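Student: got a structure for you, letters missing:
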């Protein structure tokens, strides 16, 4: 199910495990995505609608991954922050625990608004281990290829299992999940720079533009072109450790 977005004007920032939009929030038709979504409105309010048609006016919400929802904006001056979190990140897992222990229906809009924290999730912290920092710094030279963890580990002098443990311990992401986010981040950055979707896909290590589109829709509920339309020429990318 794709999302139709309109009225969005702002800035996107991307780092492994999170895509974040800050600015004027627009409407989105009913959709579903693989990311956990956190909504924090700083000016005005929005209306959220769940798959059963229940609505709630709110300024904050946590929407579980895989849950159909719709965003209605009645005020043209609504502003705020929307964060898309990989379900495996600590922030997303904390949100999932809040939903699970709330006593409410995780698919119901009332539950989404009750458990939402007061502030957006914090930025990812800088890795402490020097080999992990070195591995992250290798990203630009490896991203167009297979980026196998064994190849990266060999370049930083660690075993694949040890490097994988460091990704989970310090970044809160498994290596395959981190790699998927880095590829998406790189591809969207190339689109911002004016590349075609095919060139962006290949430069980020995707098989083709269809592969990139499937991954983007699965995580965010929208195609790369729609994501780019939310904040044209306004993407800030952050690779932790650089």
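Tutor: Done, it's in. Computed from a predicted model, the values in this text were never measured in an experiment. Residues are numbered from 1 along each chain as shown.

Student: going forward, measure contacts and count neighbours with C-alpha atoms only.
Tutor: Noted.

Student: helices or strands up against the helix ranked longest in the chain?
Tutor: With secondary structure taken from DSSP state H, the chain has its longest helix at helix 175-192. Packing contacts for helix 175-192, counted by 3 or more Cα pairs under 8 Å, 6 or more residues apart in numbering; DSSP states H and E, involve strand 9-15, helix 197-203, helix 209-220, helix 224-230, strand 235-237.

Student: what lies in contact with the longest one?
Tutor: Under the contact criterion Cα atoms under 8 Å, 6 or more residues apart in numbering, helix 209-220 has outside partners 2, 32-35, 84, 86, 184, 197-198, 200-202, 206, 222-224.

Student: if we go to 7 Å?
Tutor: If you take Cα atoms under 7 Å, 6 or more residues apart in numbering as the criterion, helix 209-220 is touched by 33-35, 197-198, 201, 206, 222-224.

Student: residue 62: which of the helices and strands packed on helix 175-192 is closest?
Tutor: Closest of the helices and strands packed on helix 175-192 to residue 62 is helix 209-220, at 14.6 Å (criterion: Cα to Cα).

Student: could you report the neighbour count for residue 13?
Tutor: Here the number of neighbours of residue 13 (other Cα atoms under 10 Å) works out to 17.

Student: typo on my end, it should be residue 218
Tutor: Other residues close to residue 218 by other Cα under 10 Å number 18.

Student: ok so, going back, got CSV for the contacts of helix 209-220, with pLDDT too?
Tutor: Output for these, formatted as CSV (pLDDT from 0 to 100):
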residue, pLDDT
33, 87
34, 87
35, 90
197, 90
198, 93
201, 94
206, 96
222, 77
223, 79
224, 80
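
Student: Throw those residues into TSV and include neighbour count, thanks.
Tutor: Shown next, in TSV, are the contacts of helix 209-220 (neighbours: other Cα atoms under 10 Å):
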residue	neighbour count
33	24
34	20
35	25
197	20
198	17
201	26
206	24
222	23
223	21
224	21
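
Student: how about those, which pair is most distant?
Tutor: Within these, 35 and 198 form the most distant pair, 24.0 Å apart (Cα to Cα).

Student: what about stretch 172-183, average pLDDT?
Tutor: In this model, stretch 172-183 carries a mean pLDDT of 89.

Student: mind listing what's buried in it?
Tutor: 172-175, 177-183 (16 or more other Cα atoms under 10 Å).

Student: quick one: contacts of it?
Tutor: Contacts for stretch 172-183 (Cα under 7 Å, 6+ apart): 16-17, 88-90, 143, 164, 167-168, 204-205.

Student: surely residue 96 is within a helix?
Tutor: Yes. Applying DSSP: H, G, I helix; E, B strand; the rest coil, one finds residue 96 inside a helix.

Student: please name the nearest non-neighbouring residue to it.
Tutor: residue 64 (7.0 Å; Cα to Cα, 6 or more residues apart in numbering).

Student: ditto for residue 82
Tutor: Closest residue in space to residue 82, ignoring its immediate chain neighbours: residue 39 at 4.7 Å, by Cα to Cα, 6+ apart.

Student: make sure residue 33 is indeed in a helix.
Tutor: No. According to three-state DSSP, residue 33 belongs to no helix; its state is coil.

Student: give me phi/psi at the residue nearest to it when sequence neighbours are not counted?
Tutor: Once flanking residues are discounted, residue 33 sits nearest to residue 221: 4.5 Å by Cα to Cα, 6+ apart. For residue 221, the backbone dihedrals (degrees, to the nearest 10) come out as phi 80, psi 10.
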